[in-house]
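J.: Structure, please.
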Amino acid sequence: MKKAKARHLSGWLIFISGSEEFSFTSKANNSLNFSIFALKIPSTMTTFLSLLRLGIGDRSILPPKGVEWPQVLRMAEEHSLSGVLLDAVDHLPEGERPPKEMLLEWIGQTMMSYESRYEEYRKAIADLAAWYRAHGYKMMVLKGHTCSLDWPRPEHRPCGDIDIWLFGQQQEADDALSREAGIEIDRTHHHHTVFTWQDFMVENHYDFLNVHHHRSNVAFERILKELGRDDSHWTEVAGERVYLPSPNLHALFLLKHLMGHFAADRITLRQLLDWGFFVKAHGQEVDWNFVQGVLERFGMMGMFHILNAICVEELGLPGLPGPAARSIGAASVPPAAAVNPSLKNRVWNEILSPEFQGTMPARLLPRIVYKFRRWKANGWKHELCYKDTLWSAFWAGVWGHLLKPKSI
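T.: Predicted coordinates for the structure are as follows:
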């Protein structure tokens, strides 16, 4: 999809992206009004999305024909979903599969980059949890590995960093790890320290959120910290006990993390699937009245409904039983307000092909200019995800960068 261009015409902002044209009124009274004339997804992207739905278990999808496999595989890699697309290939007729040489290379890359790496990831988590247990600490794993447990094939969700929560004992544990294991601790980041363990970067959270990034994050953090005291949820990884966030904590943390990335830059379909698979697996365990009360308080309800609508309507996580509730699998997400289809389409298009695109410069001054341009372009996304005004967030962010200059 071509990069979107914009021009102002008599108080209207017109976006043109290839053959697509979007128009929406300029913002007034802190509300957004959208009128999208058309939203066309290129045929290759449509094929990719059909294969994605097939790969995550939607057997109602008719296998696409005449697939342009190199382009589809590039899209899958962009969204960290080449393992899931390979699962889709298993359900294609022999004549519609990729060329044999390409398929064998794809299988080999998946085995190395996904499946073998996932086993190394699990071993690193288990060994780190064992080290902490031997020194009197309990380790909760956030995001990555916890999300993978809800995927149809956990080993086909890409693994990255290991995010951990030590129930408020982060500083003592870091000191012990540095003193007794000789591991260097990077303390230059907001809300977590960083170190390397068995070739994986570990983010050891002393806060769940960057409380310097938005003023509202301070109050949200207090809620997450209270939920983070719960140690009644756990699993075994390679024979070692690893703690998991409670369903309420996981729901709020996933949504906050997802919306934070969306407002600041972009999200991928992999992150969206993390949410959809979580609701499908644990939706009946979530106290939705509590969670939605928090989302309402912090201005996140509109985006919450849009994300659910996309999971159901675009990704095929099944069930739209009625206007009052959306359902992902057997887990209802109550009560669903009507979603503006134009706004939902814009969010969906933004996930597939962000309006603001570019490469961040390496040099400091051009990088600051780039980030400011991106911040301005993403103002409409910020309003969907925060109650803080854009300029309040700007000055809070400036102060946060001054406190930790390496974060610029």
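
J.: Run through who's touching the helix or strand hosting Leu49.
T.: Under the criterion of DSSP states H and E, Leu49 resides in helix 43-55. Helix 43-55 is contacted from outside by 1, 41, 61-64, 67-68, 71-72, 75-76, 81, 84-89, 91-92, 269, 314-316, 352-353, using CB atoms under 8 Å, 6 or more residues apart in numbering. The C-beta positions use only the backbone N, C-alpha and C, and glycine is treated the same way.

J.: Please tell me how far Tyr137 sits from Gly57.
T.: 38 Å (CB to CB, to the nearest Å).

J.: In terms of neighbours, single out the busier of these two.
T.: It is Tyr137, of Tyr137 and Gly57, that has more neighbours when counted by other CB atoms under 10 Å, with 18 against 14.

J.: Compute the number of surrounding residues for the residue nearest to Asp274 when sequence neighbours are not counted.
T.: The shortest distance from Asp274 to any non-neighbouring residue, by CB to CB, 6 or more residues apart in numbering, is to Cys147 (4.3 Å). Neighbours of Cys147 under the rule other CB under 10 Å: 22.

J.: And the helix holding Leu49, what's buried?
T.: By 16 or more other CB atoms under 10 Å, the buried positions in helix 43-55 come out as 44-45, 47-55.

J.: before we move on, back to that, my guess is the residue nearest to Asp274 meets Phe277, correct?
T.: Yes. If you go by CB atoms under 8 Å, Cys147 and Phe277 touch, sitting 7.3 Å apart.

J.: so for the helix holding Leu49, what's the average pLDDT?
T.: Averaged over helix 43-55, pLDDT sits at 93.

J.: next structured bit after that helix?
T.: That would be, after helix 43-55 and using DSSP H and E, helix 69-78.

J.: what's the strand or helix carrying His261 packed up against?
T.: For His261, the element it lies in under DSSP H and E is helix 247-264. In terms of contacts (3 or more CB pairs under 8 Å, 6 or more residues apart in numbering; DSSP states H and E), helix 247-264 is packed against helix 216-227, helix 269-282, helix 288-297, helix 301-313, helix 341-352, helix 379-385.

J.: mind listing what's buried in that helix?
T.: Neighbour count says helix 247-264 has 247-260, 262-264 buried, by 16+ other CB under 10 Å.

J.: if we can go back for a sec, quick one: closest of the helices and strands packed on helix 247-264 to Ile164.
T.: helix 216-227 (14.4 Å; CB to CB).

J.: Go ahead and name everything in contact with that closest one.
T.: With contacts defined as CB under 8 Å, 6+ apart, helix 216-227 is touched by 168, 207-211, 245-246, 248-249, 252-253, 256, 294, 298-299, 386-388.

J.: Just the buried ones among those, please.
T.: 207-211, 245-246, 248-249, 252-253, 256, 294, 298-299, 386, 388.

J.: Take the helices and strands packed on helix 247-264 and lay them out in JSON lines including mean pLDDT and distance to Leu177.
T.: Listed next are these as JSON lines, based on pLDDT from 0 to 100; distance: least, CB to CB, whole Å:
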{"stretch": "helix 216-227", "mean pLDDT": "95", "distance to Leu177": "22"}
{"stretch": "helix 269-282", "mean pLDDT": "94", "distance to Leu177": "28"}
{"stretch": "helix 288-297", "mean pLDDT": "95", "distance to Leu177": "33"}
{"stretch": "helix 301-313", "mean pLDDT": "92", "distance to Leu177": "36"}
{"stretch": "helix 341-352", "mean pLDDT": "92", "distance to Leu177": "37"}
{"stretch": "helix 379-385", "mean pLDDT": "88", "distance to Leu177": "34"}
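
J.: and Trp69, what pLDDT?
T.: pLDDT, Trp69: 95.

J.: any idea how far it is from Lys100?
T.: 12 Å.

J.: more neighbours, the two?
T.: Applying other CB under 10 Å to Trp69 and Lys100 shows that Trp69 carries more neighbours, namely 17 against 8.

J.: Excluding chain neighbours, give the residue nearest to the more buried one in space.
T.: Pro98 (4.4 Å).

J.: That neighbour contacts Glu68, correct?
T.: No. With contact defined as CB under 8 Å, Pro98 and Glu68 do not form a contacting pair (10.3 Å).

J.: between those two, who's got more neighbours?
T.: Pro98 (19 against 13).

J.: and the more buried one, which of the three is it?
T.: Assigned with DSSP: H, G, I helix; E, B strand; the rest coil, Pro98 falls in the coil class.

J.: Since that was my last question, I'll sign off now.
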